[in-house]
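**Q** structure for this input, please:
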Amino acid sequence: MREVRQLQRPDDFEQRRQHLAQLSDEELYQRFWDLANKVVEPLVEMARTHTSPSIERSVLLRMGFSSIEAAEIVKKVADRGLLGKGAGHIVWRVAKDKQLGIREAGLALARGEHWDAVEAAFGGGTK
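**A** Predicted coordinates:
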């Protein structure tokens, strides 16, 4: 049988915690949450500023469109470089501006209607 040697890490806990030793429990608690927020901040920002066709289809599905309808709307949104504006937002904006129901506006977009108004409202996009 082969002998397994374990390497021991030097115990430097006291040295590493010196900058925390004088903090109260409340200050430690606050520091923990400050650091936790700092760690997830880039993830939150990325989620806020980035999307994908599958996310946009999912939004439209929750707005009541079928998967085929949602796919067609998202394709047209992406083709115009407007995916970052949000497909659901675009449908909502057309419904509001044209005084249509959400479903009616989305189906019109899927048929290729109202895109001139979309591009005017959102200033075009980048592909």
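**Q** next SSE after the longest helix along the chain?
**A** Counting residues, the longest helix in the chain under DSSP state H turns out to be helix 25-49. Helices and strands here follow DSSP states H and E; after helix 25-49, the next one along the chain is helix 53-62.
**Q** now for that next one, which elements pack on it?
**A** On a contact count with 3 or more Cβ pairs under 8 Å, 6 or more residues apart in numbering; DSSP states H and E, helix 53-62 meets helix 67-79, helix 87-98. For the C-beta atoms, the positions are set from N, CA and C on the backbone; glycine is no exception.
**Q** residue 119 contacts residue 81, correct?
**A** No: between residue 119 and residue 81 no contact is recorded; they are 9.6 Å apart, counting by Cβ atoms under 8 Å.
**Q** low-confidence ranges, the chain, go.
**A** Per-residue confidence for the chain (pLDDT under 70) gives these ranges: 1, 124-127.
**Q** mind checking how far the spatially most central residue of it is from residue 34?
**A** Of all residues in the chain, the one closest to the mean position by Cα atoms, centre = their mean is residue 47, 2.6 Å from it. As for residue 47, its distance to residue 34 is 20 Å (criterion: Cβ to Cβ, to the nearest Å).
**Q** check residue 54 too.
**A** 34 Å.
**Q** tell me the angle the longest helix of the chain makes with helix 53-62.
**A** Taking axes from the mean of the first three to the mean of the last three Cα atoms, to 10 degrees, one finds that helix 25-49 is oriented at 90 degrees with respect to helix 53-62.
**Q** mind listing what's buried in helix 25-49?
**A** With burial defined by 16 or more other Cβ atoms under 10 Å, not one residue of helix 25-49 is counted as buried.
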